[in-house]
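Undergrad: Below is the structure, and that's it, no one-letter string:
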């Protein structure tokens, strides 16, 4: 269990890794990569237009490490080469630069040359919320709009793999709904109960998943006492499995804008985590996302 | 526009009203009613088991106002009588006591004896979030699980009626989604765009509705500047129209538990607002909910 991002930083610094950036010729991306390299013990490979990488780097006041640039101008080729470097084991995480997300993800998912794992990619946001006693994961608020039960199973497997890789022996996952009650007319509550059943028979790997759970039962011990709820998660969730992308996205942004939360995000489901920050993301979010992707 | 609940309190105190409680023989309900009566200039009618009302009141250290009890033991009858009092104009708001929500709502929706208005009941949560400069509404995070476009139209009409009744001339409603982009594969983004179109042609009444909007574009001017978003709401939303009950419920609870928010809630769509707090609600939430329902 990690209480905050500082505790994660210690892990990433103890475990030096390499990040490969696809289409790195982008000022925002380069800035985050250089800052991450300075802050944590990570090295990087910049796949992209060398001329632009050098000019953007110079504008930012950085010069790339010798031998870190792989000069490629075509976007699809950038994606393919970056993915192949991960496949060969030359890098432990992949970051998107200035190219379409779709292009990068098709290279990732290519059945021959790609780095697909479960086959379903899902988004994980990890938030440091001042009012909670530890980091809280939210999945999937960024990739699959309205996941089916089958997709939820893959989302859970992805997050369990990730959490186990960073040291959680049995992550506690709350399958969030609007309430704790199963209502046959509300599919997400039926799915949540089904996931709990699957978890209890070991079909979801080493995790503790309960659902349907309300937000308060998931993260507040006081609320579980008032409601006399006797589950095992009881206010101590590590991860919130949301029923739909909108619920996760809106919750994460609500916490960032109004609860002072900091966020790191990455895509799970490939051989390595993938950093896909948007231009709207703060530099801090980009840095934390690189860090998160490097510790797996 | 109200910056906080204190500003709402001034309105309710200036406009004395009567609350009718269906099946009032419940300690939690009575406590909230007596406290609200003491704090704001409201009077009440308690429909329910007189003996129990008196004994519970006495345990709480209160005695009901003379003539405020209507002695009825049967739940359905409590609901029917309470609703009839509202219908006659004897009370300006209705509160649920110790009976099934379904029983109360069937009495409300009865085509002959009920107090149905639009015909679609929806939930409104109003939150005071320390980090936002005014009260923010969230609808519907409590009533309709996965509203269709037609139901969203009714949800919007309900909230516009309510906001206009409390003094907003043109409430700003953000149709929230995970992003600002319309994606034909994601129905809620299509619905949000359709609602915006309907609003612009006056079909939703006096309101400004825009969508699809992300949470940040809805409530953060800074974010609209970074993203160069040029809508009219631009970070100044009064109400967040959520795509599904889970998104609204999880957001509201996230803000209550982790962003220090206070909440008031009521059901809209009948001739008067209906207070339906749960046992898990704090006394403060019950009080604020009574207040909110009394100002319309």
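TA: Received, thanks. Values in this document were obtained by computation on a predicted structure and should not be read as measured data.
Undergrad: Just give the number of residues close to residue A:94.
TA: Residue A:94 is flanked by 29 other residues according to other C-beta atoms under 10 Å in any protein chain shown. Where C-beta positions appear, they are placed from N, C-alpha and C, glycine not excepted.
Undergrad: In this structure it contacts residue A:22, no?
TA: Yes - using C-beta atoms under 8 Å, residue A:94 makes contact with residue A:22 at a distance of 6.7 Å.
Undergrad: list the residues that contact both of these two?
TA: A:82, A:83, A:104 (C-beta atoms under 8 Å, 6 or more residues apart in numbering or on different chains).
Undergrad: which residue ranges form the helices in the stretch 1-150 of chain A?
TA: Here the stretch 1-150 of chain A has its helices, by DSSP state H, counting those that start in this stretch, at A:5-14, A:27-39, A:50-60, A:75-87, A:101-109, A:149-165.
Undergrad: returning to what we had before: for the shared contacts of residue A:94 and residue A:22, which single residue is the most surrounded?
TA: Neighbour count (other C-beta under 10 Å) singles out residue A:82 as the most crowded of those, with 32 neighbours.
Undergrad: How about residues contacting the least confident helix or strand in chain A by mean pLDDT?
TA: Here the helix or strand of chain A ranked lowest by mean pLDDT, DSSP states H and E is helix A:5-14, holding a mean of 84. Helix A:5-14 has contacts (C-beta under 8 Å, 6+ apart) with A:2, A:39-42, A:128, A:135, A:166-167, A:262, A:264, A:288, A:291-292, A:294-295.
Undergrad: what's residue A:148 sitting at in phi/psi?
TA: Dihedral angles of residue A:148 (phi, psi; degrees, to the nearest 10) stand at phi -80, psi 170.
Undergrad: Make a ChimeraX selection of the buried ones in the contacts of helix A:5-14.
TA: This is how ChimeraX selects the buried members of the contacts of helix A:5-14, with burial counted by 16 or more other C-beta atoms under 10 Å in any protein chain shown:
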select /A:2,40,42,128,135,262,264,288,291,292,294,295
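Undergrad: from the contacts of helix A:5-14, which is closest to chain B?
TA: residue A:128 (11.3 Å; C-beta to the nearest C-beta).
Undergrad: Show me where the stretch 101-250 of chain A has its strands.
TA: In the stretch 101-250 of chain A, the strands defined using DSSP state E, counting those that start in this stretch lie at A:122-128, A:136-139, A:172-176, A:208-213, A:239-241.
Undergrad: For residue A:222, the count of nearby residues, please.
TA: 10.
Undergrad: can you check the one 3 residues further on too?
TA: Residue crowding around residue A:225 was assessed by other C-beta under 10 Å; the count is 11.
Undergrad: What distance do you get for it to residue A:216?
TA: 11 Å (C-beta to C-beta, to the nearest Å).
Undergrad: Repeat that for residue A:130.
TA: Between residue A:130 and residue A:216 the computed distance is 18 Å (C-beta to C-beta).
Undergrad: same check, this time on residue A:210
TA: The spacing between residue A:210 and residue A:216, counted by C-beta to C-beta, is 14 Å.
Undergrad: Please apply the same query to residue A:84.
TA: Taken as C-beta to C-beta, the span from residue A:84 to residue A:216 is 47 Å.
Undergrad: between those two, which one's more packed in?
TA: Set residue A:84 next to residue A:216 and count neighbours by other C-beta under 10 Å: residue A:216 wins out with 23 against 17.
Undergrad: The more buried one touches residue B:282, doesn't it?
TA: No - with contact defined as C-beta under 8 Å, residue A:216 does not count as touching residue B:282 (11.2 Å).
Undergrad: Indicate which one of the strands of the stretch 101-250 of chain A is closest to residue B:234.
TA: The closest of the strands of the stretch 101-250 of chain A to residue B:234 is strand A:122-128. By C-beta to C-beta, the value is 24.9 Å.
Undergrad: Next one: that closest one, is it in contact with chain B?
TA: No - using C-beta under 8 Å from any C-beta of the partner chain, strand A:122-128 stays clear of chain B, with a minimum separation of 9.5 Å.
Undergrad: what does that strand contact?
TA: A:4-5, A:135-144, A:151, A:154-155, A:158-159, A:162, A:248, A:252, A:255-256, A:261-269, A:292.
Undergrad: for chain B, what are the nearby residues on the stretch 101-250 of chain A?
TA: Contact residues (C-beta under 8 Å from any C-beta) of the stretch 101-250 of chain A with chain B: A:129-132, A:141-142, A:145-146, A:176-179, A:183, A:185-186, A:188, A:214-216, A:219-220, A:223, A:226-227, A:242-250.
Undergrad: Drop anything exposed from those.
TA: Buried among these by 16+ other C-beta under 10 Å: A:129, A:132, A:141-142, A:145-146, A:176-179, A:186, A:188, A:214-216, A:219-220, A:223, A:227, A:242-250.
Undergrad: Just the ones of those residues in helices?
TA: A:188, A:215, A:216, A:219, A:223, A:245, A:246, A:247, A:248, A:249, A:250 (DSSP state H).
Undergrad: and the strands of the stretch 101-250 of chain A as CSV, adding mean pLDDT and distance to residue A:100?
TA: Converted to CSV, the strands of the stretch 101-250 of chain A look like this (pLDDT from 0 to 100; distance: least, C-beta to C-beta, whole Å):
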stretch, mean pLDDT, distance to residue A:100
strand A:122-128, 98, 17
strand A:136-139, 98, 23
strand A:172-176, 98, 31
strand A:208-213, 98, 34
strand A:239-241, 98, 28
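Undergrad: Next, format these as JSON lines and append distance to residue B:73.
TA: Below are these laid out as JSON lines (distance: least, C-beta to C-beta, whole Å):
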{"stretch": "strand A:122-128", "distance to residue B:73": "50"}
{"stretch": "strand A:136-139", "distance to residue B:73": "47"}
{"stretch": "strand A:172-176", "distance to residue B:73": "39"}
{"stretch": "strand A:208-213", "distance to residue B:73": "35"}
{"stretch": "strand A:239-241", "distance to residue B:73": "44"}
